[in-house]
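Undergrad: Sequence unavailable; structure follows:
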């Protein structure tokens, strides 16, 4: 008791002394001190109650198998083998020797770096990243801090560019074995498709080479019928993306010229569904001679690009004409009450044609652009159609192989058989993992005002994304070269096994879809396995597709390491997408990755278009 009574006067005297000193302070100073104290208390409370809660929500348990993050509930189809098992026993690195004299046998394999934290766990939404847009200077500085993987991939970009520049300059594509160029549209497609990749990889000298060609030699006054979709996603988007990074006005000027020609694709009888082809010089559109219909994916996957052109020119007509197609398809869905659409649509009548339902060729990017258009615009019906489409895909198109691996695949519903799933899956379908992961990132991890049912939807989307990515990995891992065929088939009974390839589908076109998804999955989940898989794919490309005199080639047979039957063609998307996504997969600069995911939309050719919302 005595101790307590002794402390009390000391406390009182201290309080009275503080009170006297407080009153002596000027009123304005007392006011600011009170405001500062309140601010400190508020900031501390915000951190404890909100940031800590957020980090606990988004932190993914690294000890949990990413491919087993689901409940079995007694369903044998959910009994997936953990990564540790198939990494140890089934991963097949490319053989050490190749017998083709045309290939560079330098064996430039590399070892993956240690696991990096996910960008979601490295900083938060309030991090001050400065300007939201990425600049050329920023990318160039980042290129000087490359890790060993990025250096090798940058060298692959240079090797591809140098081969094209030496043997095919100004042509659409390189034939690396015969050292010639080939034309498809006659507009220097590889240059336009590669410009932003060169900037992202810090190859400014190579970019300047391409820019000079655009200034001095590029013309779209070509009397040639070109595919509207391919020209839009490769050439128009390539110019716009490079313009956004470099701010070189000539790129925008050329994009406007091209856009004014391509927009005539929409001069169809239906006014809502564009023709497949357009003559760039005459500005006249038509259906190709071999088919009156247009592909679902082609007519529904040019909206990002034309909308971006409208933003830059303040001319709404590009967006209005192209988005009329999306609104028309949405109306058709409401009439059909079916969110899985056939692969053809008629530009004369605007009607969907009875045909195969697939997530592969001629339909794939329709589903991709539902969500990416929503990211670009925040138009709600796009998100609703996307969610319902993914639900329909899960319920009607997914199945699993019956043998030990239990691979999940997305099959097709054939026009001739509407009751069962045809177990065919294009490599193109592998894009879906990346789109699903992107939706999870924006719709589940970022906002906290979503209803619980919506959050659960996107958690399930990530599970589907990782499951599908595992299957896509096996499409590579189960071949003798470690490269995926164009199309795979999946066993429907125990005798079929898990995966088989038909002779007509054994080719590999240097496609990007799997490494595209690995880019999104790694940076969104932080799981090292996705870099490991990317490492495998890059090393296999190095072993079997690299031509020592310059460039990389498509191959005809992924089953025979000693005779892959090179096809002598380097597609422009090899530089635009495959190597770009590989380079970004191994990027350690989380500030740049956050900017890419938060402020841009990647079009279906891997080009950067600002979100604007």
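TA: In hand now; what should we look at? Since this is a predicted model, take the numbers as computed values, not measurements. Residues are numbered from 1 along each chain as shown.
Undergrad: Please identify which helix or strand holds the residue nearest the centre of the chain.
TA: In the chain, the centroid-proximal residue (Cα atoms, centre = their mean) is residue 516; its distance is 4.7 Å. Assigned by DSSP states H and E, residue 516 belongs to helix 513-525.
Undergrad: Quick check: what element follows that helix along the chain?
TA: That would be, after helix 513-525 and using DSSP H and E, helix 529-544.
Undergrad: before we move on, the earlier item: what's the pLDDT at the residue nearest to the centre of the chain?
TA: Note on residue 516: pLDDT of 98.
Undergrad: Am I right that it is in contact with residue 577?
TA: Yes. The pair residue 516 / residue 577 is scored as a contact, 6.4 Å apart, by Cβ atoms under 8 Å. C-betas here are computed from N, CA, C, even on glycine.
Undergrad: Report the set of residues contacting both of these two.
TA: residue 606 (Cβ atoms under 8 Å, 6 or more residues apart in numbering).
Undergrad: Surely residue 342 and residue 355 touch.
TA: Yes. Counting by Cβ under 8 Å, residue 342 does reach residue 355; the two are 4.2 Å apart.
Undergrad: Mind listing the shared neighbours of these two?
TA: residue 415.
Undergrad: quick one: residue 590 and residue 523, what's the gap?
TA: 8 Å (Cβ to Cβ, to the nearest Å).
Undergrad: Which one's more surrounded, those two?
TA: residue 523 (24 against 19; other Cβ atoms under 10 Å).
Undergrad: So for the more buried one, what pLDDT did the model give?
TA: 97.
Undergrad: quick one: it and residue 143, what's the gap?
TA: 18 Å.
Undergrad: for residue 328, same thing?
TA: 44 Å.
Undergrad: So, low pLDDT: which residues of the stretch 201-350 of the chain?
TA: Within the stretch 201-350 of the chain, no range satisfies pLDDT under 70.
Undergrad: quick one, strands of it?
TA: Using DSSP state E, counting those that start in this stretch, the strands of the stretch 201-350 of the chain run over residues 225-227, 277-279, 284-286, 294-295, 344-345.
Undergrad: just the stretch 401-550 of the chain next, same as before
TA: Ranges of strands within the stretch 401-550 of the chain are 408-410, 412-414, 417-422, 424-426, 487-490, 499-500, based on DSSP E, counting those that start in this stretch.
Undergrad: tell me, which of the ones you listed is the model least confident about?
TA: The bottom spot among the strands of the stretch 401-550 of the chain, by mean pLDDT, belongs to strand 417-422, with a mean of 84.
Undergrad: Check which residues of that strand are buried.
TA: Going by neighbour count (16 or more other Cβ atoms under 10 Å), the buried part of strand 417-422 is 421-422.
Undergrad: Quick one: list the elements packing against that strand.
TA: Under the contact criterion of 3 or more Cβ pairs under 8 Å, 6 or more residues apart in numbering; DSSP states H and E, strand 417-422 touches strand 412-414.
Undergrad: where do the helices sit along the stretch 101-250 of the chain?
TA: With DSSP state H, counting those that start in this stretch, the ranges of helices along the stretch 101-250 of the chain come out as 136-143, 148-167, 189-200, 204-216, 228-231, 237-246, 249-262.
Undergrad: Averaged pLDDT, the longest one. What do you get?
TA: Put plainly, it is helix 148-167. 98.
Undergrad: contacting residues around that helix?
TA: In contact with helix 148-167 (Cβ under 8 Å, 6+ apart) are residues 108, 110, 112-113, 143, 146, 174-176, 179-181, 190, 194, 197-198, 201-203, 206, 209, 531, 535, 538, 541-542, 546-547, 549-552, 570, 574-575, 579, 582-583, 586-587.
Undergrad: Any of these buried? List them.
TA: For the contacts of helix 148-167, buried by 16+ other Cβ under 10 Å: 110, 112, 143, 146, 174-176, 179, 181, 190, 194, 197-198, 201-203, 206, 209, 531, 535, 538, 541-542, 546-547, 550-552, 570, 574-575, 579, 582-583, 586-587.
Undergrad: picking up where we left off before, can you name every helix or strand that the helix holding residue 516 contacts?
TA: Using 3+ Cβ pairs under 8 Å, 6+ apart: helix 513-525 touches helix 431-440, helix 452-477, helix 529-544, helix 579-585, helix 590-599.
Undergrad: cutoff 10 Å now
TA: Applying 3 or more Cβ pairs under 10 Å, 6 or more residues apart in numbering; DSSP states H and E, one finds that helix 513-525 makes contact with helix 431-440, helix 452-477, helix 529-544, helix 579-585, helix 590-599, strand 600-602.
Undergrad: follow-up on the earlier one: turn the strands of the stretch 401-550 of the chain into a markdown table, including distance to residue 332.
TA: Below are these laid out as a markdown table (distance: least, Cβ to Cβ, whole Å):
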| stretch | distance to residue 332 |
| --- | --- |
| strand 408-410 | 22 |
| strand 412-414 | 17 |
| strand 417-422 | 18 |
| strand 424-426 | 24 |
| strand 487-490 | 28 |
| strand 499-500 | 35 |
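Undergrad: which stretches of the stretch 1-150 of the chain aren't confidently modelled?
TA: 1-19, 21-22, 28, 42-130.
Undergrad: hang on, the earlier thing: distance between the helix holding residue 516 and the chain's centre?
TA: 7 Å (Cα atoms, centre = their mean, to the nearest Å).
Undergrad: One more: stretch 253-269?
TA: 25 Å.
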